[in-house]
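Pasting the sequence and the predicted coordinates here, then a few questions.
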Amino acid sequence: MIAQHQPREPQQPDPSQRRRAEDGAGTKRDLEFPPAPEALPFAVYDNHTHFDIADGDTVVSVAEQLEKAALVGVVGVVQVGTDVASSAWGAELAAGNERILAAVAIHPNDAPGLETVGTLDDALRCIDALAAQPRVRAVGETGLDFFRTGEDGRGAQFASFEAHIDIAKRHGIALQIHDRDAHDEVLATLRRVGAPEKTVLHCFSGDADFARIAVDEGWYLSFAGTVTFKNNHHLREALAVIPRERILVETDAPFLTPMPFRGRPNASYMVPYTVRAMAEFLDADLGDLCARITENTEAVYGSWVDDVGLSDQGRVATK
Ligand SMILES: [Zn+2]
């Protein structure tokens with residue numbers, strides 16, 4: 001593919017832009033985007049976001065989101081797919097934009113439905129093909145979700161997870177794991193089939209014990225806005241016991257908005273709220289923590305600006 005010099009935006013997956021699901025109780029949410037935080041002293045990346053899922057009271061283009069993020073020191077993102085359409089869209093977006101890398105996968109909660117209608121294998125073949133693209137640097141989000149998928153869907157979920165692990169290993173790229181109420185089974189599966197060299201527990205949700213196990217396995221822990229939530233002491237305890245070399249940060253936008261804006265729309269420009277809370281809790285120098293996270297993120301996904309074929313002109317200074 002011929003590299004583009006200007007950032008461009010491929011068409012959103014059909015239907016035109018997927019909306020964030022409203023919370024079931026019909027609770028009225030405040031849909032105004034929160035104010036921008038103070039800029040970070042050192043650039044970081046948001047290693048897990050969903051540009052294709054719209055939220056908020058205004059339509060914000062990918063270009064505007066990237067600009068807003070860069071202004072506060074969030075200089076690049078990993079756009080994460082959850083089905084074939086969003087994965088293909090993310091891969092195309094990343095191919096033309098030096099601030100974006102892509103992750104591609106079938107979400108664990110989508111696997112059972114595809115299996116039922118007989119299209120899971122086809123979908124996995126599409127993901128495998130997308131994973132070969134140079135700016136697709138992770139397979140994810142994949143994993144296990146026992147919160148939303150019941151017993152009857154678990155066979156398909158395990159099969160899909162194992163297939164994704166295999167894709168990541170064959171392409172030599174990272175694995176981004178979605179683990180909801182399934183820590184033991186995620187661990188057992190990765191041990192049984194062998195985890196990829198770069199494995200990331202996205203939106204880490206375990207406690208200090210699980211964090212220690214993950215670190216012993218050589219994996220990375222990515223912290224989302226949930227680490228700022230008042231009652232999530234276990235996440236901050238996990239953060240405190242792991243080496244800084246294993247820490248990543250993400251938004252999982254438009255979900256998991258950090259405090260003090262929980263429940264409002266989330267986007268990559270909100271990362272500084274989470275990183276500041278992390279630095280404060282760790283009693284770490286904010287700039288040092290940011291620098292560490294950036295080094296870790298590049299160790300997992302590679303460089304955002306190398307080998308992309310973009311012109312040097314628009315290159316982003318990440319340091
Ligand atoms: Zn996600």
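The structure has been received and is ready for your questions. Residues are numbered from 1 along each chain as shown.

shaky segments in the chain?
Scanning the chain with the threshold set as pLDDT under 70 gives 1-27, 307-319.

Find the centremost residue of it, please.
residue 48 (1.8 Å; Cα atoms, centre = their mean).

check contacts around the residue lying closest to it once chain neighbours are set aside.
Of all residues not flanking residue 48 in the chain, residue 250 sits nearest, at 3.7 Å (Cβ to Cβ, 6 or more residues apart in numbering). Heads up, the C-betas are built off the backbone N, CA and C, glycines and all. Residue 250 makes contact with 46, 47, 48, 49, 78, 202, 203, 222, 223, 224, 271, according to Cβ atoms under 8 Å, 6 or more residues apart in numbering.

and if you look at residue 87?
Residue 87 makes contact with 81, 102, 103, 104, 105, 106, 126, 127, 130, according to Cβ under 8 Å, 6+ apart.

quick one on the thing from earlier: could you confirm the residue nearest to the centre of the chain falls within a strand?
Yes - with DSSP: H, G, I helix; E, B strand; the rest coil as the criterion, residue 48 is assigned to a strand.

From residue 266, how far out is it?
Using Cβ to Cβ, to the nearest Å, residue 48 is found at 11 Å from residue 266.

where do the contact lists of the two overlap?
Joint contacts of residue 48 and residue 266 (Cβ under 8 Å, 6+ apart) are 251, 252.

quick one on the thing from earlier: who wins for most neighbours among the contacts of residue 87?
residue 104 (37 neighbours; other Cβ atoms under 10 Å).

got a list of what it touches?
If you count contacts by Cβ under 8 Å, 6+ apart, residue 104 has them with 81, 87, 88, 90, 91, 127, 130, 131, 136, 138, 139, 140.

Format the residues you listed as CSV; extra columns: secondary structure and distance to residue 243.
CSV is the format used below for those (DSSP: H, G, I helix; E, B strand; the rest coil; distance: Cβ to Cβ, whole Å):
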residue, secondary structure, distance to residue 243
81, coil, 30
87, helix, 32
88, helix, 36
90, helix, 30
91, helix, 32
127, helix, 31
130, helix, 32
131, coil, 29
136, strand, 28
138, strand, 21
139, strand, 25
140, strand, 22
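
can you pull out the helices in the stretch 151-300 of the chain?
154-171, 183-193, 208-217, 233-241, 271-282, 286-301 (DSSP state H, counting those that start in this stretch).

Tell me which of these lies nearest to residue 30.
Relative to residue 30, the nearest member of the helices of the stretch 151-300 of the chain by Cβ to Cβ is helix 271-282, separated by 15.8 Å.

is it true that residue 201 touches residue 214?
Yes - if you go by Cβ atoms under 8 Å, residue 201 and residue 214 touch, sitting 5.8 Å apart.

Give the residues shared as contacts by these two.
Common neighbours of residue 201 and residue 214, using Cβ under 8 Å, 6+ apart, are residue 221.

And the residue lying closest to residue 281 once chain neighbours are set aside, how far from residue 121?
Nearest non-adjacent residue to residue 281, counting by Cβ to Cβ, 6+ apart: residue 236, 5.2 Å away. According to Cβ to Cβ, residue 236 and residue 121 sit 41 Å apart.

before we move on, what about residue 222?
Distance, residue 222 to residue 121, using Cβ to Cβ: 29 Å.

Kindly report the same for residue 197.
For residue 197, the distance to residue 121 (Cβ to Cβ) stands at 26 Å.

Do a quick rundown of the helices in the stretch 1-150 of the chain.
62-71, 84-95, 111-116, 120-130.

Of the ones you listed, which stretch is the most buried?
Comparing the helices of the stretch 1-150 of the chain by mean neighbour count (mean count of other Cβ atoms under 10 Å), helix 84-95 ranks first with a mean of 23.

How far off centre is it?
14 Å (Cα atoms, centre = their mean, to the nearest Å).

Hmm, residue 175 and residue 103 touching each other?
No - with contacts counted by Cβ under 8 Å, residue 103 stays clear of residue 175, the gap being 9.0 Å.

what sits in contact with each of the two?
What both residue 103 and residue 175 touch, as defined by Cβ under 8 Å, 6+ apart, is the set 138, 139, 140.

contacting residues for residue 242?
The neighbourhood of residue 242, defined by Cβ under 8 Å, 6+ apart, consists of 211, 212, 214, 215, 221.

among those residues, who's most crowded?
Of all the contacts of residue 242, the highest neighbour tally under other Cβ under 10 Å goes to residue 214, namely 27 neighbours.

Need the shared contacts of residue 103 and residue 175 in JSON lines (columns: neighbour count).
Converted to JSON lines, these look like this (neighbours: other Cβ atoms under 10 Å):
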{"residue": "138", "neighbour count": "30"}
{"residue": "139", "neighbour count": "31"}
{"residue": "140", "neighbour count": "28"}
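
Of those, which is the nearest to residue 193?
residue 139 (13.3 Å).

Spatially nearest residue to the closest one, not counting backbone neighbours?
The spatially closest residue to residue 139, leaving aside those adjacent along the chain, is residue 168, at 3.9 Å (Cβ to Cβ, 6+ apart).
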